[in-house]
Structures are given as structure tokens and as C-alpha cells.
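*Asks:* Generate a structure from the sequence data that follows.
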Amino acid sequence: MSAMDAAWHVGGNGVTRGPLSFDHLVHEIAEGTITADTFVWRTGWADWVRAGEVEGLFLPPAVRPRPVPPPPAFHSHEDQTMPRAEVVKPTRPKWLVWDPSTEAEAKNALTAGVGAGYVFAGMYAIGGLMTYATGMDVTTRSKLTDADDLVSTVVAAEAIAVLIGGLAYWLKRRPNVIVPLVLLTWFVVEILVKIANPTGGTHVGWWFMYAFMIAGFVSSARGALFLRAKRRAATKRGSAT
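*Replies:* Here you go, the predicted structure:
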């Protein structure tokens, strides 16, 4: 079967189009849709080739194409005899990274610590609003009958929320080890206080959240250590040159 009469297929980005006529390929080449590096295939061929190597499309018939590495395989549901493509699924980012090996993993680990810090700040902010709305300390479950005590408790809770949120934002803008360690220590103390004073409730859902936040702070500390070591190594290489 001649090239003019064959059914052609065009591959790109893991998918194929076709069948197309030879004249249609020439038309798409004129429009710039198909380039010399686009892979094409026709019935009877064992594998895909670049369009620039097909006689009559880009190269004159007398010119022999140069050898190239084997092209990627594509899969089409229209013709089961065509080469199958291997689908590679993108890897999902890991947020809780205990031993980062790349800069991307270290930054994801820092993001986990930042998120845990914002959740920590939100606990204080929401607790202060609930105290103001109910007149009861949400931590000790005690009624605040004095107006001054109520206001001071609410103001203190919101101020702590702003402080923790600021530390989390600092960690986001300038990765460091100090912030996650401070937040981790602070949060562990909060848990110990809660265990010593269980009147505030110990619902299982809270403990799952506590575990996530502790993991986030530890993960961000490991990520910050990885980035710091990488910066020091880069500084030493720069000094050596």
C-alpha cells in the first residue's frame, strides 16, 4: 500500500489521532500542527517514526533519514495492533517526610509544619471566640462570672493565636529549625496540661489531630535541617572554587 493510500495516525502526549489521510498530514504540516519531530504511524509499520523522516512530508525522496533512538510507544483504542504506551502516573507529593532526600521533599515537609502551626493558632482563636460567646473557659470548662476575667481570657487567647500564626508565617517565609521546635514543645506542653486536666474532654478526633500536628512539626524540623545542610554544602563548594 502506498503512502498516499495508507491510513495514518499521529501520536503526541500519550494519545493518538487517526486514521488520517496523507493529504491531511500535509495540510496539518502547513498549519504547523504537525512538526518534523511529531511521531506518525501507518498500517503495516512495526513502530512509530518521526514525521520528518517520512518521504514526501519533510524530506525529499532521495534523502535517507538518519538513525534515531527508538521512539516512544503510543496506544490507541482504535487499533489494538498498534504499539502500547506505558502510562506513568505522576507521583503525589509527600507532606509528612521523616527523611527528605530532595529539596522538593524538604519544602513539602516545611509546608506540613506551617499547616500544623496555622491549625494550632486556629484552636486558640476559635477557643477565644467560644469563650466570649458562652462565658465559659473552653479549656477548664469553668464559668467566668467576672467580666474582666472573661475579657482578659479572650484577649489572651486571641493574642496567643496571633503569636502562633506569626511563627508559622515566619517558618513559611524563612525556613528554620527554631520555629518547629518551639511550636512542638509548646504543643506537647498543651497536651500534657490537657491530660492533667481532662475536664475539657478527650474525644478521639482531637487525638488524631494532635498526632497530625506533632508529625507536621517534626517533619518541618527535618525539612529545615535538610535545607540548612544543603545550603552549607553549597557555601563550602563556593568557597572551594
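*Asks:* use CA for all of it now, contacts and neighbours both
*Replies:* Will do.
*Asks:* I'd like the next helix or strand past whichever strand or helix holds Asp148.
*Replies:* Secondary structure from DSSP states H and E places Asp148 in helix 147-173. Scanning forward in sequence from helix 147-173 by DSSP H and E, the next helix or strand is helix 178-196.
*Asks:* I'd like the distance from that following helix to the chain centre, please.
*Replies:* 28 Å (Cα atoms, centre = their mean, to the nearest Å).
*Asks:* quick one, strands of this structure?
*Replies:* Taking DSSP state E as the test, the strands found in the chain are 8-12, 15-20, 39-42, 49-50.
*Asks:* Buried deepest among these, which one?
*Replies:* Among those, the stretch with the highest mean neighbour count (mean count of other Cα atoms under 10 Å) is strand 39-42, at a mean of 24.
*Asks:* From the contact counts, what lies against it?
*Replies:* For strand 39-42, the elements it packs on are strand 8-12, strand 49-50, judged by 3 or more Cα pairs under 8 Å, 6 or more residues apart in numbering; DSSP states H and E.
*Asks:* Okay, now the unreliable bits of this protein?
*Replies:* Applying pLDDT under 70 to the chain flags residues 1-5, 58-98, 140, 198-206, 240-241.
*Asks:* Can you give the domain ranges for it?
*Replies:* Domain ranges of the chain: 1-87, 103-240, per automatic domain parsing.
*Asks:* Buried deepest among those, which one?
*Replies:* The highest mean neighbour count among those, using mean count of other Cα under 10 Å, belongs to domain 103-240: a mean of 17.
*Asks:* What distance do you get for the residue nearest to Ala36 when sequence neighbours are not counted to Asp99?
*Replies:* Spatial nearest neighbour of Ala36, chain neighbours left out: Gly52 (4.0 Å); criterion: Cα to Cα, 6 or more residues apart in numbering. Gly52 sits 47 Å away from Asp99, going by Cα to Cα, to the nearest Å.
*Asks:* Fine by me, we can end here.
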